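Peer 1: curious how this folds, go ahead:
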Amino acid sequence: MTLVEARSLSVDLGARRVLDRVSLALEPGRLTAVVGPNGAGKTSLLRALAGLLSPAGGEAVLNGAPVDRMRPAERARAIAYLPQGGGIAWPLPVAEVVALGRLPHGERPGALPEAGRQAVAAALAAVGLQGFENRPATALSGGERTRVLLARALATQAPVLLADEPVAALDPRHQLVVLGALKDRAREGATVAAILHDLTLAARFADTILLLRQGQIEALGPPEAVLTEARIAVSFGVRAEVLRQAGRPVVVALSPLSGT
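Peer 2: Numbers count the residues shown, from 1 in each chain. This next block holds a predicted model:
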């Protein structure tokens, strides 16, 4: 079991504190959706949990060890991180870009062992990119490139997967494909967290919702407990109606609230 924790975690960006004494544990086998208004600290939290930001206080911990003190190769095998708006600079074939996810295991994209080839094929299938293997990655649309980068993260087969806005550039069909892939990865036993802005999609796919506001945890729990009309009004400054479909919240934003 791989346990990711924030222990009184604080992060500063310049002179501004963007996370303030956040404590939580991400559970293996569950998909956690990280939601909150712009500037709430969502990206900073994931980057700190991935060991990419040094805490100003407290610590991010993986199985009891501070993440920012782990050896880079060890951390890369344990935590796959998909950044927001990641780019692809070189016209490599899609399969080779995805195969870069095997580098933490000491495998070279041009000479993958059987386990590596299977991991790449499974990752491409998970995000709906079968048949794209030989296409230059730079010739793809923005949404397709996003799926290539997610496939690269999946190919690492790390026990922790952290994704920053993985569906932001995708059409509705591929939003469902990508969130289904993240959900499946969690069902396989991984610890998965993703920043999402669509609250209805978060409620549909996530086991747990983490709501951040002003660098602190506003709420943490199952979707139906976190996504209430009153909490949405306070956190997002909108009047919303929360409906139910198959027991899951469906959030309809109606109007901005004055003075927020």
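Peer 1: I'd like to know how far Ala153 sits from Gly58.
Peer 2: 26 Å (CB to CB, to the nearest Å). The way it works is simple: take the backbone N, C-alpha and C, and place the C-beta from them, glycine included.
Peer 1: which one's more surrounded, those two?
Peer 2: More neighbours surround Ala153 than the other of Ala153 and Gly58, with 25 against 19 (other CB atoms under 10 Å).
Peer 1: next one: that one from Ala40, what distance?
Peer 2: Counting by CB to CB - Ala153 and Ala40 are separated by 23 Å.
Peer 1: which non-adjacent residue is nearest Leu220?
Peer 2: In space, and not counting its chain neighbours, Leu220 is closest to Leu210: 5.2 Å by CB to CB, 6 or more residues apart in numbering.
Peer 1: surely the one you found is in a strand?
Peer 2: Yes - the assignment for Leu210 (DSSP: H, G, I helix; E, B strand; the rest coil) places it in a strand.
Peer 1: so what's Ser8 up against?
Peer 2: When contacts are counted by CB atoms under 8 Å, 6 or more residues apart in numbering, Ser8 touches Arg21, Val22, Ser23, Gly57, Gly58, Glu59.
Peer 1: spell out the secondary structure type for the spatially most central residue of the chain.
Peer 2: The structure's the chain has its C-alpha centroid closest to Ala163; by CA atoms, centre = their mean the separation is 2.0 Å. Recorded secondary structure, Ala163: strand (three-state DSSP).
Peer 1: these two touch, right, it and Leu150?
Peer 2: Yes - under the criterion of CB atoms under 8 Å, Ala163 makes contact with Leu150 at 6.9 Å.
Peer 1: mutual contacts of those two, please.
Peer 2: Leu82.
Peer 1: check contacts around Gly110.
Peer 2: Glu96.
Peer 1: what of Trp90?
Peer 2: Ala137, Thr138.
Peer 1: could you rerun that using 10 Å?
Peer 2: Contact analysis of Trp90 by CB atoms under 10 Å, 6 or more residues apart in numbering lists Glu96, Val97, Pro136, Ala137, Thr138.
Peer 1: got it, and Glu229?
Peer 2: Counting by CB under 10 Å, 6+ apart, Glu229 has contacts Val238, Arg239, Ala240, Glu241, Val242, Pro249, Val251, Leu254.
Peer 1: now, those residues that are in strands?
Peer 2: Counting by DSSP state E, those place Val238, Arg239, Ala240, Glu241, Val242, Pro249, Val251, Leu254 in strands.
Peer 1: which among these gets closest to Ala225?
Peer 2: Pro249 (9.6 Å; CB to CB).
Peer 1: torsion angles phi and psi at the closest residue to Gly51 other than its chain neighbours?
Peer 2: Nearest residue to Gly51, sequence neighbours excluded (CB to CB, 6+ apart): Val67, at 3.9 Å. When quoted as degrees, to the nearest 10, the phi and psi of Val67 stand at phi -60, psi -40.
Peer 1: per-residue confidence for Val67?
Peer 2: Reported pLDDT at Val67 in the predicted model: 95.
Peer 1: tell me how many other residues surround it.
Peer 2: Neighbour tally, Val67, other CB under 10 Å: 24.
Peer 1: list the contacts for it?
Peer 2: Contacts of Val67 by CB under 10 Å, 6+ apart are 4-6, 48-53, 55, 59-61, 75, 78-79, 160.
Peer 1: mind checking which of those residues land in helices?
Peer 2: Ala48, Leu49, Arg75, Ala78 (DSSP state H).
Peer 1: which of those residues sits closest to Leu220?
Peer 2: Leu49 (14.4 Å).
Peer 1: excluding its backbone neighbours, what's nearest that closest one?
Peer 2: Looking at Leu49 with CB to CB, 6+ apart, the closest residue is Ala60, at 4.9 Å.
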